[in-house]
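Undergrad: Curious how this folds, go ahead:
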Amino acid sequence: MKRALALAVLIAFGAGGAPTRNNDDSCDIAVLPAATLLLPYFEVGNEGTVTTLLTLTNASAQEQIAHVTLWTDYAYPVMSFNVYLTGYDVHSISLHDVIWRGFLTPNGFNAGSGDFSIPNARLDLQSCANQPSAIPVEALGRMMAALTTGHISGCNTVGRQHENAVGYATIDVVRKCTTRNAEDPGYLTEDILWDNVLLGDY
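TA: Presented below is the predicted three-dimensional model:
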């Protein structure tokens, strides 16, 4: 069963109501593109018997960069990677491939490859020139340990112990390929964009 990932926030405006009916102004709950998506829960087994599939859609004609962060159930960020989306692009991610196989993208990060999308002058595509297509073995082991045992060397408990890899994910629109996440103040001031262009299913 597919479920929409885009979340909206309801804001109370008092007796006078919202000043406008434009969704960007009133923040009404609606099924519309968002700048940040939340996958509230994923679970992935080693043999692929339990898995989570995530689909990202760029609802705009302009190219975009989506920044995916995987978190433990104790809100510890264990892995971040970037996804380039051409205009109206759809990108599917198997979290089994990411977490257990270290597989990020089928052909590497091919920024600027959208023949029919509109270039986005706000993006720094040079920052995406050396994006990995796979997770290094050391980082892969650390991520799997965090999501299954809840422990990694050098840290206190970062999550609960699970039979399968369990956590949640956030997906943000960003201006450049970055390794930072929302715990870094620079991510919010230098990396993230606020364009409501992402839709998602899982």
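
Undergrad: who's residue 68 bridged to?
TA: residue 81, residue 171 (DSSP bridges).

Undergrad: wait, it sits on residue 77?
TA: No: with contact defined as CB atoms under 8 Å, residue 68 does not count as touching residue 77 (10.9 Å). C-beta: built from backbone N, CA, C; applies to glycine.

Undergrad: Tell me which of those two has more neighbours.
TA: Under the criterion of other CB atoms under 10 Å, the comparison of residue 68 against residue 77 puts residue 68 first, with 23 against 18.

Undergrad: give the contact list for that one.
TA: 80-83, 93, 169-171 (CB atoms under 8 Å, 6 or more residues apart in numbering).

Undergrad: So residue 102 sits against residue 133, correct?
TA: No: using CB under 8 Å, residue 102 is not in contact with residue 133; the gap is 9.6 Å.

Undergrad: For those two, indicate the residue with more neighbours.
TA: In terms of neighbours (other CB under 10 Å), residue 102 is the more surrounded of residue 102 and residue 133; the figures are 19 against 14.

Undergrad: From residue 145, how far off is the more buried one?
TA: Here residue 102 is placed at a distance of 14 Å from residue 145 (CB to CB, to the nearest Å).

Undergrad: Closest one to residue 46 out of the contacts of residue 68, please.
TA: Nearest to residue 46 out of these is residue 93 (CB to CB; 17.8 Å).

Undergrad: The closest one pairs with what?
TA: residue 54.

Undergrad: so who does the residue lying closest to residue 186 once chain neighbours are set aside touch?
TA: Distances taken as CB to CB, 6 or more residues apart in numbering put residue 180 closest to residue 186, at 5.9 Å, once the chain neighbours are dropped. By CB under 8 Å, 6+ apart, the contact set of residue 180 is 80, 186-187, 191.

Undergrad: so where does the nearest residue to residue 116 once chain neighbours are set aside fall, helix or strand?
TA: With CB to CB, 6+ apart as the criterion, residue 116 has its nearest non-adjacent residue at 6.6 Å, and that residue is residue 87. Assessed by DSSP states H and E, residue 87 sits outside every helix and strand.

Undergrad: Next one: residue 87 from residue 187, what distance?
TA: For residue 87, the distance to residue 187 - CB to CB - is 25 Å.

Undergrad: same thing with residue 159?
TA: Distance of residue 159 to residue 187, computed by CB to CB: 21 Å.

Undergrad: of the two, who's got more company?
TA: residue 159 (23 against 19).

Undergrad: Is the more buried one in contact with residue 146, as I believe?
TA: Yes: using CB under 8 Å, residue 159 is in contact with residue 146, at 6.0 Å.

Undergrad: Determine the residues that are contacts of both of those two.
TA: If you check residue 159 and residue 146 against CB under 8 Å, 6+ apart, the residues they both contact are 72, 76.

Undergrad: low pLDDT regions in the protein?
TA: 1-30, 106-114 (pLDDT under 70).

Undergrad: what about the helix ranked longest in it, distance to the chain center?
TA: For the chain, the helix that runs over the most residues, judged by DSSP state H, is helix 137-148. A distance of 18 Å separates the centroid of the chain from that of helix 137-148, by CA atoms, centre = their mean, to the nearest Å.
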